[in-house]
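K.L.:
Here is my input; please provide its structure:
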Amino acid sequence: MCGIVGYIGRRDVAPLLLEGLQRLEYRGYDSAGVVITGKSGELRTVKAKGRVRELEGRIPKRFAGTTGIAHTRWATHGAPSDHNAHPHLDGDNKVAIVHNGIIDNASELRAKLSADGVTFASETDTEVLAHLIGRAQAETLEEKVREALRSVEGTYGLAVLHRDFADRIVVARNGSPVVLGIGEKEMFVASDVAALVAHTRQVVTLQDGEMATLKADDFRTYTTEGSLTTATPTTVEWEAESYDMGGHDTYMHKEISEQAEAVDRVLRGRIDDRFSTVHLGGLNLEPGEARRVRRIKILGCGTSYHAGQIGAGLIEELARIPADAEPASEFRYRNPVVDPDTLYVAVSQSGETYDVLAAVQELKRKGARVLGVVNVVGSAIAREADGGTYVHAGPEVCVVSTKCFTNTVVAFALLALHLGRIRDLSVADGKRIIEGLRRLPGQIDEILKTEPEIKALARRYADAKSMLFIGRVRGYPVAREASLKLKEVSYIHAEAYPASELKHGPLALIDPSMPTVAIVPDDDLLEKNRAALEEIKARSGRILAVAHQPQEKADDTIVVPKNENELDPILMGIPLQLFAYHTALALGRDIDKPRNLAKSVTVE
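P.N.:
I've put the predicted structure just below:
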């Protein structure tokens, strides 16, 4: 959610920090700020509510230094404002801190500090940390930070400067990402590798309970208890160009257009034609163990949850294992029964989604086996899980997920095929699914070529104040995800229902002013879905169908290529991504940075 950037070295720091903040804008934020260590050791701070460009406009011409930290904030404690923006300083202006996460006991700590005479300049939980570090009696900055963190309950990814220790930046992680960038006589820190790859591809990802000290010519890592840890830099897979728009007007459009290539990437090297199955070596799940699995529970949030719903259907159809998906944010609070015969699958684009990570940690504590389906290599969920698979979608910058959703569903199709062939899926069916998977990239390209027609439809429906999305069985999760996309990016109210539930309440909403988007695959439920369209037309409702052939009862139909029945949901969601995009474009929305949303939700 919030973004952290830091640098220590020889270069002028302010332009580097601003560039890093701009690369993190996609995460979602409402204010930004920067602090540098001046030539005489003083801390110089500039903050601004709004976008990074507004912060840049406030930075004075004489703002020189070679060490600094910066931040984009997504409000949790206190409304968006200049004084609530990070960095935050202690009362003596010796300590500056930027912080991602939430301090759960901030109110209690704030009350104690106020009783001791501390005056607060903001409403944030982060400022509490600045004062705790400033008042710590320890001799080194590392010990001051460690002393302060012993009082804290909650999550944090933080970076700290201190006027008396101008040769270093101290950082710490607990539940919120912190990545070190290793350069030549210069060091970087960020909450996301996107802020680093323009300058170095050698990174170290801190683990929870770990801290680091960065100096211009070296770094060291250690636990919050003070024990040294071993940190070996790894090479980031993606280069800086992967985070550029590549000639598109928005990241969302770029990422939608990349889906054929992305799907080809997730399939590459995994198909085994000899045995009509796939290789997923990272699962760490032996065939005998896979056969003993009696149930699969998939956990995710938002788009990942919807991908998990489609994945559960694929697993039940192909592997004949009972499977269902649940929001991770609900699962971890209902004291679930953890069955030793259940395989749990955690889904997250970033691999850092806090609700999913917390569910994984709770499951591990109870002895469950957990697989991860994530996009970011080396992320927290990837490290915590017993095994899993990467979806290889590539960097996804737009807040709303498109190509990562598609690749995640394809990854579930691979998992379902793998489990199915271990169990009861025939060679013929395995071959059929593999042929369908291989057709996907070409069929996605076919869909993308219909963008002009979808754009015209989006403009036709953009005046709607509300839309209903319907589908049955395989089509229902597609409807849910399409509904979410429209809400996220266009701000049109939308909701999804199983088409079979229309007569049990939602038909009361149908009138000419509320269009229905219907998912109508050419499968064994085709006539049932057409009956739902009849019900809507009988009540003068407008219908936009997504189908494999034109639908007589629909006002408009987006025709998509037919694949295998089990794989059709992968294709039927893609035109509705374009529909949401062009609806938002027609309404003048900020497509890559929808209001109130963040890309990587690392707090509850």
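
K.L.:
Run through the stretch 501-604 of the chain and note the low-pLDDT ranges.
P.N.:
Within the stretch 501-604 of the chain, the stretches with pLDDT under 70 are 598-604.

K.L.:
For it, which segments count as helices?
P.N.:
Per DSSP state H, counting those that start in this stretch, the stretch 501-604 of the chain carries helices over the ranges 526-537, 568-572, 574-586.

K.L.:
Identify the residues contacting the last one?
P.N.:
Where contact means CB atoms under 8 Å, 6 or more residues apart in numbering, the residues beyond helix 574-586 that reach it are 250, 252-253, 256, 259, 400, 402, 406, 444, 447-448, 450-451, 454-455, 457-459, 461-462, 478, 481-482, 485-486, 488-492, 517, 544, 546, 558, 560, 591. Yep, even glycine has a C-beta here, placed from its N, CA and C like the rest.

K.L.:
I'd like to know which of those are buried.
P.N.:
Buried subset of the contacts of helix 574-586 (neighbour count, 16 or more other CB atoms under 10 Å): 250, 252-253, 256, 259, 400, 402, 406, 444, 447-448, 450-451, 454-455, 457-458, 461-462, 478, 481-482, 485-486, 488-490, 492, 517, 544, 546, 558, 560, 591.

K.L.:
Can you flag which of those residues belong to helices?
P.N.:
Judged by DSSP state H, helices contain the following of these: 252-253, 256, 259, 406, 444, 447-448, 451, 454-455, 457-458, 461, 478, 481-482, 485-486, 488-490.

K.L.:
Tell me if I'm right that V98 and G68 touch.
P.N.:
No. Contact criterion CB atoms under 8 Å: V98 and G68 do not qualify, at 10.1 Å.

K.L.:
Could you check which of the two has the larger neighbour count?
P.N.:
Set V98 next to G68 and count neighbours by other CB atoms under 10 Å: V98 wins out with 31 against 28.

K.L.:
Where does that one sit: helix, strand or coil?
P.N.:
Here V98 is recorded as strand under DSSP: H, G, I helix; E, B strand; the rest coil.

K.L.:
and it, how far is that from P15?
P.N.:
Using CB to CB, to the nearest Å, V98 is found at 18 Å from P15.

K.L.:
what does L468 give?
P.N.:
49 Å.

K.L.:
Neighbour count: these two, which is higher?
P.N.:
L468 (25 against 13).

K.L.:
Bridged to the more buried one, which residues?
P.N.:
Counting by DSSP bridges, L468 is bridged to E495, T516.

K.L.:
Could you pull up the contacting residues of it?
P.N.:
Counted by CB under 8 Å, 6+ apart, L468 has contacts 494-497, 506, 509-510, 514-517.

K.L.:
Can you pull the residues that touch both of V98 and G68?
P.N.:
Residues touching both V98 and G68 (CB under 8 Å, 6+ apart) are 6, 35.

K.L.:
what bits of this structure have low per-residue confidence?
P.N.:
Applying pLDDT under 70 to the chain flags residues 1, 26-28, 240, 598-604.

K.L.:
let's see it at 80
P.N.:
Along the chain, segments meeting pLDDT under 80 span 1, 25-29, 74-77, 237-243, 378, 596-604.

K.L.:
Now for the residue nearest to M245 when sequence neighbours are not counted, how many residues are close by?
P.N.:
Leaving aside its sequence neighbours, M245 sits nearest to K254 (CB to CB, 6 or more residues apart in numbering; 5.6 Å). K254 has 20 neighbouring residues, counting by other CB under 10 Å.

K.L.:
contacting residues for K254?
P.N.:
Contact analysis of K254 by CB under 8 Å, 6+ apart lists 245-246, 248.

K.L.:
Looking at these, spot the one nearest T353.
P.N.:
Each of those was scored against T353 by CB to CB, and M245 proved nearest at 25.1 Å.

K.L.:
now the strands for the stretch 1-150 of the chain?
P.N.:
Per DSSP state E, counting those that start in this stretch, the stretch 1-150 of the chain carries strands over the ranges 3-8, 31-37, 43-49, 67-73, 88-89, 95-100.

K.L.:
Tell me which other helices or strands the third one touches.
P.N.:
Okay, so that is strand 43-49. When contacts are defined as 3 or more CB pairs under 8 Å, 6 or more residues apart in numbering; DSSP states H and E, strand 43-49 packs onto strand 31-37, helix 52-58.

K.L.:
mind listing the strands for the stretch 201-350 of the chain?
P.N.:
Counting by DSSP E, counting those that start in this stretch, the stretch 201-350 of the chain has strands at residues 202-205, 210-215, 218-223, 228-229, 234-235, 271-272, 277-278, 295-300, 323-327, 342-348.

K.L.:
Can I get the longest one in CSV? Just the C-alpha atoms.
P.N.:
So the one you mean is strand 342-348. Taking Å, rounded to 0.1, in the frame of the first residue of the first chain, the C-alpha atoms of strand 342-348 are listed here in CSV:
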residue,chain,number,x,y,z
THR,A,342,-6.9,-30.8,3.5
LEU,A,343,-4.5,-29.1,1.2
TYR,A,344,-4.5,-25.3,1.6
VAL,A,345,-3.6,-23.0,-1.3
ALA,A,346,-2.8,-19.3,-0.7
VAL,A,347,-3.2,-16.9,-3.6
SER,A,348,-1.7,-13.5,-3.9
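
K.L.:
What pairs with that strand, parallel or antiparallel?
P.N.:
By DSSP bridges, strand 342-348 pairs with strand 295-300 (parallel), strand 369-374 (parallel).

K.L.:
what distance separates the first one from the centre of its chain?
P.N.:
Centroid separation for strand 295-300 versus its chain: 18 Å, with CA atoms, centre = their mean, to the nearest Å.

K.L.:
Kindly report the same for the last one.
P.N.:
With CA atoms, centre = their mean as the basis, the distance from the averaged C-alpha position of strand 369-374 to the chain average is 16 Å.

K.L.:
what residues does that strand touch?
P.N.:
In this structure, residues lying in contact with strand 369-374 by CB under 8 Å, 6+ apart are 283, 285, 311, 343-351, 360, 363-364, 381-382, 384-391, 408, 411-412, 415.

K.L.:
what's the answer for the first one, then?
P.N.:
Counting by CB under 8 Å, 6+ apart, the neighbours of strand 295-300 from elsewhere in the structure are 305-309, 311-312, 315, 321-328, 331, 339, 341-348, 353, 356, 359-360.

K.L.:
mind running it again at 6 Å?
P.N.:
Strand 295-300 has contacts (CB atoms under 6 Å, 6 or more residues apart in numbering) with 308, 311-312, 315, 321-323, 325, 328, 331, 342-347, 359.

K.L.:
Now do the residue nearest to R294 when sequence neighbours are not counted against D424, distance only.
P.N.:
Distances taken as CB to CB, 6+ apart put D341 closest to R294, at 3.9 Å, once the chain neighbours are dropped. Note on D341: its distance to D424, by CB to CB, is 17 Å.

K.L.:
just G209 next, same as before
P.N.:
For G209, the distance to D424 - CB to CB - is 44 Å.

K.L.:
Now distance to K61 too, for the strands of the stretch 1-150 of the chain, in CSV please.
P.N.:
As requested, the strands of the stretch 1-150 of the chain are exported to CSV (distance: least, CB to CB, whole Å):
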stretch, distance to K61
strand 3-8, 20
strand 31-37, 14
strand 43-49, 12
strand 67-73, 16
strand 88-89, 23
strand 95-100, 21
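
K.L.:
A helix includes R173, no?
P.N.:
No. R173 is assigned strand when assessed by three-state DSSP, not a helix.

K.L.:
what separates it from V204, distance-wise?
P.N.:
According to CB to CB, R173 stands 11 Å off from V204.

K.L.:
okay, these two: which has more neighbours?
P.N.:
Neighbour tally, R173 and V204, criterion other CB under 10 Å: the higher count belongs to R173, 25 against 20.

K.L.:
Surely the more buried one touches L158?
P.N.:
No. The pair R173 / L158 is not scored as a contact, 8.0 Å apart, by CB atoms under 6 Å.
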